[in-house]
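Peer 1: give me a model of this one.
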Amino acid sequence: MLQANFKMMAESTAEDWQLIMGEQLKFIAGLPERILAHMQLLADDYGGFPVDRLQHSLQTAELAAAAGEDDEYVVCALLHDIGDTLGSTNHADVAAAILQPFVSEENHWMIKHHAIFQGYNFFHHIGLDRNMRDGFRDSPHYERTEAFIEKYDNRAFDADKSMLSLDEFAPLVRRVFSDPKNSMYRQAIA
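Peer 2: Numbering: from 1, shown residues only. Below is the predicted model of the structure:
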């Protein structure tokens, strides 16, 4: 494999960056498959819940799809808890960071804040303020996020439901992650 020829970034040339960007484009193209592989890490991780985190994510996406939400929203529903593996204390931030280049501002905001909104259902049981979400009442995305929790996230812990497959949502993940909308690199990778 060819490699750029510099020791410090400040020494790089346009030719170096043509080589690097060629490799980077190949790596970016593999993002959907890496995301799907990472989702598999949620399997068999129950965290005390009645279903594992993968089935919870799949159930959330299935509910959103059945309700007629668009592909981007369904992918957000699927990936809303992907951050549980590496961001156990800030999983919503991790999920939002992964999604941000590929989704609308309203969907990004919804995923970034979903943990606070879900907290309405249990924060009071663990010594936190269940009304923490009220601090975001002025956001134009408040009602959207509240609806996401009530209609999909909150209802996706059904241990009696048949096991769902990630394969069902793989085409949506590939489609949504094929077109970055909000990346400073968009022009360079288009």
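Peer 1: quick check, residue 4 in contact with residue 14.
Peer 2: No. When contacts are counted by CB atoms under 8 Å, residue 4 is not listed as touching residue 14 (10.9 Å). (Each C-beta comes from the backbone N, C-alpha and C, glycine too.)
Peer 1: out of these two, which sits in the more crowded spot?
Peer 2: residue 4 (15 against 6; other CB atoms under 10 Å).
Peer 1: and the residue nearest to the more buried one when sequence neighbours are not counted, which helix or strand is it part of?
Peer 2: Sequence neighbours aside, residue 16 is the residue nearest to residue 4 in space, at 3.7 Å (criterion: CB to CB, 6 or more residues apart in numbering). Using DSSP states H and E, residue 16 maps to helix 14-29.
Peer 1: which stretches of the protein form helices?
Peer 2: With DSSP state H, the ranges of helices along the chain come out as 14-29, 31-39, 53-66, 71-79, 91-99, 105-118, 142-151, 170-176, 186-189.
Peer 1: hey, which of those helices is tucked in deepest?
Peer 2: helix 71-79 (a mean of 25; mean count of other CB atoms under 10 Å).
Peer 1: distance of residue 80 from residue 7?
Peer 2: Applying CB to CB, to the nearest Å, the value for residue 80 to residue 7 is 42 Å.
Peer 1: brilliant, that's me finished.
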